[in-house]
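K.L.:
Turn this into a structure:
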Amino acid sequence: MAAPALTSPTDNQRDRSDRVRVLADQVEILYGQAPLGIAVTLVIGAVLAFELYSSAKIGELVVFWGMLTVFVCGARLGLVFAYKHAQNRDTAPDIWLRRFAIGALGSGVTWGFAGAVFFPGHTDEQQVFLAFVLAGMSAGGLPLFAAVWWVYALYAAGVMFPFEVVLITFGSRLFTELSFMMPLFFALNVAVAYRMNQVFVSGYRLRVSYGRLTEDYTELNQRLERQLIELEEVRRQVEASGRKLELFAERSPIAVLELDAEGRIKDVNREAENLFGYPAAELVETGASIKLLVLPANHAEFDEKWRELLSTRESMAGLRISNPRRDGIELVCEWTVTPLVNPDGSIISIIAQGRDITQQLEADRLKQEFTSTLSHELRTPLTSIIGSLQLVNAGVVGDLNKDQAELTEVAERNGQRLLDLINDILDIEKIDSGKLTLYSEPMSLDALVSESVKLNQGFADRYNVKLTATGLGSGITVNADHKRLLQVMTNLISNSAKFSPAGSSVEIGLREANPRVVVITVSDRGSGIPEAFRNRIFGRFAQADSADTRAKGGTGLGLAICKRLIELMDGTIGFSDREGGGTTFWFELPIHTPG
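P.N.:
Numbering: from 1, shown residues only. Reported below is the predicted structural model:
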């Protein structure tokens, strides 16, 4: 059983619109032919009135009928005028059709009135003439009203029905027989009108359909033109993008290779030629395999990765592969391999981008060796030296004269500075390598601030600077590493103390920024941060270029360590100018909420 056809709301709307347009065309034909019908009615009416007026008995009725005919014709003519100037004749044709049908019925009744009134009282010749006129008017209405068959039926009924009554009641056998033929004549005319109406409607529908087809064809052409313009624009953009990508690949500082699904090299850029020592023609024209650039010992692992790439159709990044150059030198490259896949899942090509990291790996190895040397070969003996100097300066080995004491104190200070530098370097290395472990726990910031003030007051006394704490007693807790957070506080407080004028104070503040964030501030009255130094103040070995900075000393790593530690604890750090002079360093941390 076939499924019923589904019609969309758009199709239904278009069908209704087409029916309205067909009806509007039919009504337009009716109103267009109406002036001719009115003119014929007036002419034949005048001839009939002239013929019938000779009888004095009905002269007044003839005059009345003539005036009635003129009135009806005038009314119909006024309706035609109103239709021609109407704004809604195309959108509401059914209203104008009903009005026209009323006018047609009125015209038919006018002729029927003439038949009913004038036929009985005249001579045989006049009766024949009147019957001929009525038959002619009935038949003549066909071309005028057949555009809508039921309008003609109303008009013909108005003409024939009164005359049919007269024929039946006249009393003559001939007229009685004629009365039986009248319905047949009426039915025949209505059938002809109906058939003509069907032909007209088919023609109108064909014209509307052709018009709709023309509109659709025009709209389709316009859409095609727009799409062609868009496609041309897209083509230009694709070509431009292709040229850009080609230029980018050609001038890229990394090796770029295009491969097929079998691993054959289809194209390489200039950097790939320089990196591996093979000319592009030798690799491409011979269809060389990418395995040419992989050490034989790694072929099995490479094959496994290649099968995984073809299976998943997903990009692979961070692949470290040992690649032999043409001259035998072994390189280590980091590769990103991206398959270009069609919508149907087939692979167009595979783009491999490689970066030589041989020197980077060597630098990492040297850095690890240097860090190990700092930790074991320098820090351990340096700690012992500083401890010995502290014992000497404390008088454990006896009193020293003034010159000796100055030398040992300078040695202790410089040794401590060197130890601080080593410790900072080791800390920053641990952070960068991800080896630094934080032991976070809920802690009271009131206790932390108080502890940091107590621990650093001795250092601040060397610069005749006082440390003051504000905002204590808030009871705020954070989830952080106590040792590392105290290290941040020490760095910020010691920096502020060093660069504060003698006799001033460094203020350590604690406040709640919002219900979820707490802010700790360290404010001084120093000379401020130079404008040229602001964008790199949290960088490694960053120090402002001034005589005062060089005199105060420092490793240039303290703020860099502070920034990384605070970020590891999900916080942020920054600084701002202090009103009245000086600088405020601040950091924010999330407030710990139990549960």
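K.L.:
other SSEs contacting the lengthiest strand in the chain?
P.N.:
Longest strand in the chain by number of residues (criterion: DSSP state E): strand 330-341. Judged by 3 or more CB pairs under 8 Å, 6 or more residues apart in numbering; DSSP states H and E, strand 330-341 is in contact with helix 270-276, helix 299-312, strand 316-324, strand 347-356, helix 358-372. For glycine as for every other residue, the C-beta is placed from the backbone atoms N, C-alpha and C.
K.L.:
What mean pLDDT does the first one get?
P.N.:
Taken as a whole, helix 270-276 carries a mean pLDDT of 87.
K.L.:
Could you look up the next helix or strand downstream of that helix?
P.N.:
helix 280-285 (DSSP states H and E).
K.L.:
who does that following helix touch, helix- and strand-wise?
P.N.:
Contacts defined by 3+ CB pairs under 8 Å, 6+ apart place helix 280-285 against strand 265-268.
K.L.:
Just the C-alpha atoms of the strand it packs on, please, in CSV.
P.N.:
C-alpha atoms of strand 265-268 as CSV (Å, rounded to 0.1, in the frame of the first residue of the first chain):
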residue,chain,number,x,y,z
ILE,A,265,56.7,11.6,0.3
LYS,A,266,54.7,13.9,-2.1
ASP,A,267,56.3,17.3,-1.2
VAL,A,268,58.7,18.9,1.2
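K.L.:
Report the beta-bridge partner residues of the closest residue to Ala288 other than its chain neighbours.
P.N.:
The shortest distance from Ala288 to any residue other than its chain neighbours is 5.2 Å, reached at Ile265 (CB to CB, 6 or more residues apart in numbering). Beta bridges link Ile265 to Leu259, judged by DSSP bridges.
K.L.:
Can you report how many residues lie near Ile265?
P.N.:
Other residues near Ile265 come to 24 when the count uses other CB atoms under 10 Å.
K.L.:
between the helices and strands packed on strand 330-341, which gets the lowest average pLDDT?
P.N.:
Among the helices and strands packed on strand 330-341, helix 358-372 has the lowest mean pLDDT, at a mean of 79.
K.L.:
helix/strand/coil for Phe587?
P.N.:
strand (DSSP: H, G, I helix; E, B strand; the rest coil).
K.L.:
That one pairs with what?
P.N.:
Ile520, Ile573.
K.L.:
State whether Tyr183 and Phe161 are indeed in contact, as I suppose.
P.N.:
Slight slip there: residue 183 is Pro, not Tyr. No. Proximity of Pro183 to Phe161 does not meet the contact threshold set by CB atoms under 8 Å, at 9.9 Å.
K.L.:
of these two, who's got more company?
P.N.:
Higher neighbour count among Pro183 and Phe161: Phe161, with 17 against 12, using other CB under 10 Å.
K.L.:
Wait, that one touches Gly112, no?
P.N.:
Yes. Counting by CB under 8 Å, Phe161 touches Gly112, with 6.1 Å between them.
K.L.:
could you dump the helices and strands packed on strand 330-341 to JSON lines with distance to Leu167 and mean neighbour count?
P.N.:
Formatted as JSON lines, the helices and strands packed on strand 330-341 follow (distance: least, CB to CB, whole Å; neighbours: other CB atoms under 10 Å):
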{"stretch": "helix 270-276", "distance to Leu167": "110", "mean neighbour count": "18"}
{"stretch": "helix 299-312", "distance to Leu167": "98", "mean neighbour count": "13"}
{"stretch": "strand 316-324", "distance to Leu167": "104", "mean neighbour count": "14"}
{"stretch": "strand 347-356", "distance to Leu167": "92", "mean neighbour count": "18"}
{"stretch": "helix 358-372", "distance to Leu167": "119", "mean neighbour count": "12"}
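K.L.:
possible to save the ones you listed as a markdown table with distance to Arg534?
P.N.:
Formatted as a markdown table, the helices and strands packed on strand 330-341 follow (distance: least, CB to CB, whole Å):
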| stretch | distance to Arg534 |
| --- | --- |
| helix 270-276 | 37 |
| helix 299-312 | 47 |
| strand 316-324 | 35 |
| strand 347-356 | 33 |
| helix 358-372 | 29 |
